[in-house]
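Peer 1: Show me how the following folds:
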Amino acid sequence: QALDNLKLFSIGELLLEALEINPEFIALAEGAIGHVGDFDHVCKNFEAFNPDAYDGDIVWLGYPGYGQMDNVAEFLAAREFKIAFVIFPEIVCARWYAIIDALKEARWFGLPPNNDDLPPMWIDQKGRNCTDPHLTWWIARFEGY
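Peer 2: This next block holds a predicted model:
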């Protein structure tokens, strides 16, 4: 018997789309990566990525979503922005992760899994922790030109 119409499905990204980045996590990260703010462009999580709109600017990309990370990595490597902030998971086997990991002009701050001493990265609209990540999530600041 054949399987027809089999589709890749993950509830993970659907869950993240309903959540937001915890401001307490951002405040903690500022000690490692510097001030997070004064943006020329602010992208919502999972918003369509438009690198042409960010030329020479300070941009908050948030978490663009797994499907856009290859394009984000290429944008970061080209360094045609002033400063870019990005949220992403540690997936070392991904092509985009290798590109990002090799960039020298960057400062990272990570939230490792199972760390109850740090505030959660992802919260719901009422400020509650709704995830139990099994990988490290990073916020990184990349310096452009």
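
Peer 1: switch to C-alpha atoms for all contacts and neighbour counts from now on
Peer 2: Fine.

Peer 1: Doesn't residue 76 belong to a helix?
Peer 2: Yes. The assignment for residue 76 by DSSP: H, G, I helix; E, B strand; the rest coil puts it in a helix.

Peer 1: Would you check how far apart it and residue 106 are?
Peer 2: Per C-alpha to C-alpha, to the nearest Å, residue 76 is found 10 Å from residue 106.

Peer 1: shaky segments in the chain?
Peer 2: 1-10 (pLDDT under 70).

Peer 1: where exactly do the helices run in it?
Peer 2: 11-17, 23-33, 69-78, 95-102 (DSSP state H).

Peer 1: got any residues that touch both of residue 76 and residue 106?
Peer 2: residue 142 (C-alpha atoms under 8 Å, 6 or more residues apart in numbering).

Peer 1: These two: which has the busier surroundings?
Peer 2: residue 76 (23 against 18; other C-alpha atoms under 10 Å).

Peer 1: hey, what's the residue sitting nearest the centre point of the chain bridged with?
Peer 2: Nearest to the geometric centre of the chain sits residue 87, at 1.6 Å (C-alpha atoms, centre = their mean). Note on residue 87: beta-bridge partners by DSSP bridges are residue 139.
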